[in-house]
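>>> pasting a predicted model and its sequence here:
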Amino acid sequence: MTDPILTLSGITKTFPGVVALDKVSFDVRPGEVHALVGENGAGKSTLMKVLAGLYHPDAGEILYQGAPVRIDNPLAAREKGILLIHQELSLSPELSVAENIYLGAWPTNALGVLNKRKLRRDTQAALDALGCTFGPDDRVGTLSVAMQQMVEIARSQAFSANVVIFDEPTASLTDTEKDQLFTTIRALQAQGVGIVYISHKMDEIFELTDRITVLRDGVVQGTVDTKNTDAIAITRMMIGRTLEAYFHKANSTFGDEVLRVDGLSLKGQFEDVSFSVRQGEVLGFYGLVGAGRSEVVETLFGIRTADRGRLHWEGAEMPLPTPRHAIDLGIALVPESRKEQGLVLMMGGQDNTTLPHLNSYARATVMDRRRERATFDTYRDALSIKTTGPEQAVSTLSGGNQQKFVLAKWLCAGPKLIILDEPTRGIDVGSKSAIHELIAKLAEDGLAVIVISSEMPEVLGVSHRVLAMAEGRLVGEFEGDAMTEENLIDAVSHHLAKPAAE
Amino acid sequence: MQTDLKAFLRRHGLLTGFGVFLIGVALSADGFVTPGNIFDVLRQVSITGVMAIGVTFVVITGRLDLSVGSMLTLLTVVAVDQHNVAGPGMAIALTLAAGIGIGMVNGVLVGFVGLNALIVTLAMLSFLQGLVLFYSGGSNVNVQNAQTTWFAVFGRRDLFGVPVPVLIFLMTAIAAAFLLNRTIFGRQVFAVGGNETAARFSGIAARWTVFWAYVLSGLTTAIAAIIMGSRVMGAQNTIGQGYELTVLAGVILGGTSLLGGSGSIWRTVLGITMLGFIQNGLLLLGYPYYVQWLVTWAVIILAVWVDLGAKRGRILA
């Protein structure tokens, strides 16, 4: 077995409040393709940025060709022979292929004038080595995405890279282009280049790679030989288990059906989604990020418009709503992103709270500030929000208190169905359990509740019934004793392990 | 204490700086602080001021309206010409309707079609300038019975010793401040400018909010055109040239952020009034007329710079 060309040991990187990488160790051998997988937020991109010199680790060591190195910036990484192929390509469309490949390192003569002959000759050699069909003088903007990616890869030849890192390289490629890319990667492999391959797609990983390292929550879950494992095992490592916490499940009696969804479809997002939710019921949606959960609920709320499907509200068919229509019916959506979708950050807590219901706080279109203030006071006390007053801009509050204002703005109008999309993401433990308590109380008060979460213990802990989603489809429904982590993992991972046949 | 001072200067630094400058002018320029001069400046400011009030709504939604300069030219030409053709009452009605109509076109293109506000309104600036020449055939228009028409009341008369245009400015400001601070629409304007996505997630039809902001901008420009026509009793083809930037400079000097989401009518009133006195002071100090163009440049650059600094501070904080 050959010695690794690049070794990371004990790399730790923290950001305020988060440990992004926790003693991560990882290595790449010459001529191997090493997959790096994990959920969004697992730490893959942080690790990559450390390798490219964009972040400096707080602790740990990087060994390159056996010697410790410090990578100060992306240019230094490239000069050392470590090349990062970004998901979004970083080329200048107006420049030629040759100029792009050598960007920032153009060969010049003694007078500082660009040596075009050498530039063209060297580029041609790099392109030939990869079997590219375009020439050094082609303008990059006229090339296809796949060809542009080849231009980036050609830098590996021009700078004699020893390590090439691919970040989701097939995201925007067709199948044929993907095959060409794989041929190129194998060619690099034959040259003895060590390759790091970051991807979500199991079929690619099993087709291409030699070893797989799984990251979760900034911690390496393990490194395994590809031939000794399968997609289900890898998915399990990615999702994993977290510590059990105490959850208070609503002790409610179910009433009438509030919302029924039949065959809801939106091209490219989700397909044939059907379910219903009753008064007093907490319905959980589980799935990995990108499974289409947020898109489904945004469609129910009118932010997106479905291509197909029917909705019934309290037993009667309803048209696909606009957000205004949805709010007036009694649907509330606590969105996934508090800062981008939930709040107007420069506004005060009071104005944020009444924002979806301006009509009910106005007399002849003039705002009634006394009633707005009364609502603000009620919810500040009920949710124990820490704020200096109604005018304090919510941008200055903690994440937990911000989230409570998002809840206040939806609760104050007395909704019949409340949808919470990742309601506890990025907030402290204390606020988390307060929100779990609140979910139970809302259901006990007779509301229908939909909770979306990527945290399995949370979704199992608060819900009466759980729907599993993967790649835009419902892949399982679990109730009572069937609501176990095992079943959820099975449903999701079996679906993901299937090759995309359709 | 020190951070309080910093925060104060960040927010009000520009106005404070120009205030100090004005005190300097008052001490050194003869005839600056006389009732005659002050009312003269206020008469001039009332035209840009009324326009700036409408533009403030657009800027708070996070957008721009650069079409108001040639819109003022066109509407003044319409007001004066229709005065001769159809009489003062009809002229006023037509001017207001035309202003609202142009605002609607801007509002549809920016709010509903989603085109870039800067480009849409710059293009409208060009289009309206062309329309002026088409409408007037290239010649200036004048009110024929300037000495006898009641149309003179808007630009030339006083009421209780205060010039009527100044009263119109004041009334417009009071109405606009009420609209912005106390009504549903005002709240929607702030929400759309502060975070358009969150506004949509709160059921606000952001495109309509933007549309109505442009309509208001057209309406206030029409009111300004009536004052202008009445004051001059005529209209040249270039009468509103450059007003779009003077108006914008007044709005941002007052502290309304070009990034949207914050601002106030009274600060715009203060900003545009101060700008008027600065330009008047420079003239009285003996600087040539064209210096006011340079002042507009300086105010815009400084105000945007300070605004950016405040935003950075807020993001880092």
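Cool, got the structure. Residues are numbered from 1 along each chain as shown, chains lettered A, B, ... in the order given.

>>> checking whatever residue of the stretch 51-200 of chain A ends up closest to chain B next. Helix, strand or coil?
The minimum distance from the stretch 51-200 of chain A to chain B, using CB to the nearest CB, falls at A:Tyr55 (19.1 Å). For every residue, glycine as well, the C-beta is placed using N, CA and C. What DSSP: H, G, I helix; E, B strand; the rest coil gives for A:Tyr55 is coil.

>>> please apply the same query to B:Gly111.
The local conformation at B:Gly111, judged by three-state DSSP, is helix.

>>> surely it touches B:Val215?
No. With contact defined as CB atoms under 8 Å, B:Gly111 and B:Val215 do not form a contacting pair (9.9 Å).

>>> those two - which one has more neighbours?
Neighbours per residue (other CB atoms under 10 Å in any protein chain shown) separate B:Gly111 from B:Val215, with B:Gly111 holding more: 26 against 23.

>>> how near is that one to chain A?
16 Å (CB to the nearest CB, to the nearest Å).

>>> separation between the residue lying closest to A:Thr133 once chain neighbours are set aside and A:Arg324?
Spatial nearest neighbour of A:Thr133, excluding adjacent residues (CB to CB, 6 or more residues apart in numbering or on different chains): A:Met147 at 8.0 Å. To A:Arg324, A:Met147 is 46 Å away according to CB to CB, to the nearest Å.

>>> returning to that earlier point: please report the distance of the residue of the stretch 51-200 of chain A closest to chain B from A:Asp217.
In this structure, A:Tyr55 and A:Asp217 are 17 Å apart, going by CB to CB.

>>> which positions in the stretch 301-450 of chain A make contact with chain B?
Proximity of the stretch 301-450 of chain A to chain B, by CB under 8 Å from any CB of the partner chain, involves residues A:301, A:303, A:322-324, A:326-328, A:333, A:335, A:340-347, A:351, A:355-356, A:358-359, A:362, A:365-367, A:395-396, A:409.

>>> mind redoing it with 7 Å?
Proximity of the stretch 301-450 of chain A to chain B, by CB under 7 Å from any CB of the partner chain, involves residues A:303, A:323-324, A:327, A:333, A:335, A:340-347, A:351, A:355-356, A:358-359, A:362, A:365-367.

>>> next, count neighbours for residue 167.
Picked chain A for this. For A:Asp167, the neighbour count with other CB under 10 Å is 19.

>>> look at chain B instead
16.

>>> for residue 270, give me phi and psi.
No chain specified, so I'll use chain A. As for A:Phe270, its main-chain torsions (degrees, to the nearest 10) stand at phi -150, psi 160.

>>> oops, wrong one, chain B.
Here is the backbone geometry of B:Leu270 (degrees, to the nearest 10): phi -60, psi -50.

>>> and the gap between the closest residue in space to it that isn't next to it in sequence and chain A?
In space, and not counting its chain neighbours, B:Leu270 is closest to B:Gly254: 5.5 Å by CB to CB, 6+ apart. Relative to chain A, B:Gly254 is positioned 17 Å away (CB to the nearest CB).

>>> spit out the contact partners of B:Gly254.
By CB atoms under 7 Å, 6 or more residues apart in numbering or on different chains, the contact list for B:Gly254 reads B:267-268, B:270-271.

>>> and the furthest pair within those?
In those, two members sit farther apart than any others by CB to CB. They are B:Thr268 and B:Leu270, at 7.2 Å.

>>> pick out whichever of these two has more residues nearby.
Each of B:Thr268 and B:Leu270 has its neighbours counted (other CB under 10 Å); B:Thr268 has more, 30 against 17.

>>> picking up where we left off before, quick check, nearest of the contacts of B:Gly254 to chain A?
Proximity of the contacts of B:Gly254 to chain A (CB to the nearest CB) peaks at B:Arg267, which lies at 15.5 Å.

>>> close enough to count as contact, A:Gly284 and A:Val451?
Yes. Using CB atoms under 7 Å, A:Gly284 is in contact with A:Val451, at 5.2 Å.

>>> those two: who's more crowded?
More neighbours surround A:Val451 than the other of A:Gly284 and A:Val451, with 27 against 24 (other CB under 10 Å).

>>> how close does that one sit to A:Gly476?
Distance, A:Val451 to A:Gly476, by CB to CB: 16 Å.

>>> give the other helices and strands that the helix or strand containing A:His436 contacts.
In this assignment (DSSP states H and E), A:His436 forms part of helix A:429-444. Where contact means 3 or more CB pairs under 7 Å, 6 or more residues apart in numbering or on different chains; DSSP states H and E, helix A:429-444 is packed against helix A:399-411, strand A:448-453, helix A:456-462.

>>> try 6 Å
The elements that helix A:429-444 packs onto, with contact taken as 3 or more CB pairs under 6 Å, 6 or more residues apart in numbering or on different chains; DSSP states H and E, are strand A:448-453.

>>> pull up the pairing partners for the strand it packs on, direction included.
Here strand A:448-453 is paired, per DSSP bridges, with strand A:282-286 (parallel), strand A:417-421 (parallel).

>>> please convert those strands to TSV, extending it with mean pLDDT.
Formatted as TSV, the strands paired with strand A:448-453 follow (pLDDT from 0 to 100):
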stretch	mean pLDDT
strand A:282-286	94
strand A:417-421	95
